[in-house]
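Asker: requesting a structural model of the entry that follows:
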Amino acid sequence: MAPRKLPKAAYLRECFSYNRRTGVLRWRVRPPRHFTTRRGHWVHNGRWAGKMAGHLRPKGWVVRLDDQGWRAHRVIWKLVTGRDPGDTVDHINRDPSDNRWKNLRSATHGQNRANSLANRGRALPKGVYLDHGRFRAIIRRNGKATSLGHYDTPAEASAAYVRATYAISSARLCTKPVVPLADRRCGAWVRCSAAAISL
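Answerer: Reported below is the predicted structural model:
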């Protein structure tokens, strides 16, 4: 499902100010034309002008504008760039309450999921599954799951998952089918089973 279109950037800039360094979104003094009554104009500006906009929810800040709720990070993206964000706006450090500009990036749903934390309440690290008494590392890319092998400990399986994730994100997959390849730039060993994952 496509996300809703945000109001125009010029309108948002009349409503909010944004500090890129702190990530704080504040209400501006809004012009009378934003309101249907003079009283609404006075009440809103008297109560909210200069104050932080929105409420912190478990999935991040939400602001209410013209009787509609909007994710603050999406509003911020349009304020800064003038364009609606793509599928999602991803928080690079995985903290949905951190809306500093350097922490936000436009991402696809797949990129956002790849940057998400492991399932809450799950005992094993992300990408690691128990399979017949051993620990299996599996990576998903473009809807396709690829096994990275079976390991004796969750730490070994997690390390394989992290190496494969790094190899994919750096676009440095090995191409030889059997021989392990040393990645000289980071010093990590990349298993060649990761080569089966398409970019």
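Asker: report the separation between the residue most central in space within the chain and Ala114.
Answerer: The structure's the chain has its C-alpha centroid closest to Asp90; by Cα atoms, centre = their mean the separation is 2.0 Å. Separation of Asp90 from Ala114 (Cβ to Cβ, to the nearest Å): 9 Å. C-beta: built from backbone N, CA, C; applies to glycine.
Asker: isn't the residue nearest to the centre of the chain right next to Leu104, touching?
Answerer: Yes - between Asp90 and Leu104 there is a contact at 7.3 Å, judged by Cβ atoms under 8 Å.
Asker: give me the element Val75 is part of.
Answerer: helix 72-81 (DSSP states H and E).
Asker: list the buried ones in that helix?
Answerer: Ala72, His73, Arg74, Val75, Ile76, Trp77, Lys78, Leu79 (16 or more other Cβ atoms under 10 Å).
Asker: check stretch 29-38 too.
Answerer: Using 16+ other Cβ under 10 Å as the test for burial, stretch 29-38 gives Arg30, Phe35.
Asker: and stretch 128-145, by the same measure?
Answerer: Residues of stretch 128-145 classed as buried by neighbour count (16+ other Cβ under 10 Å): Val128, Phe135, Arg136, Ala137, Ile138, Ile139, Arg141.
Asker: pLDDT weak spots in this structure?
Answerer: 1, 117-122, 169-199 (pLDDT under 70).
Asker: got the domain boundaries for it?
Answerer: 9-113, 118-196 (automatic domain parsing).
Asker: for Pro3, find the nearest of those domains.
Answerer: Of all the domains of the chain, domain 9-113 sits nearest to Pro3, with 7.2 Å by Cβ to Cβ.
Asker: for Leu25, give its distance to Pro125.
Answerer: 34 Å.
Asker: which one of those two is surrounded by more residues?
Answerer: When Leu25 and Pro125 are compared on other Cβ atoms under 10 Å, the one with more neighbours turns out to be Leu25, at 22 against 16.
Asker: how about the contacts made by Phe135?
Answerer: Leu124, Val128, Tyr129, His150, Tyr151, Asp152, Thr153, Pro154, Glu156, Ala157 (Cβ atoms under 8 Å, 6 or more residues apart in numbering).
Asker: next step: the residues you listed restricted to helices.
Answerer: Using DSSP state H, Pro154, Glu156, Ala157 are the members of the contacts of Phe135 that sit in helices.
Asker: quick one: which of the residues you listed has the most company?
Answerer: Busiest of those [other Cβ under 10 Å] is Ala157, holding 26 neighbours.
Asker: coming back round to it: out of the contacts of Phe135, the closest to Thr36 would be?
Answerer: For the contacts of Phe135, the nearest to Thr36 is Leu124 (54.8 Å; Cβ to Cβ).
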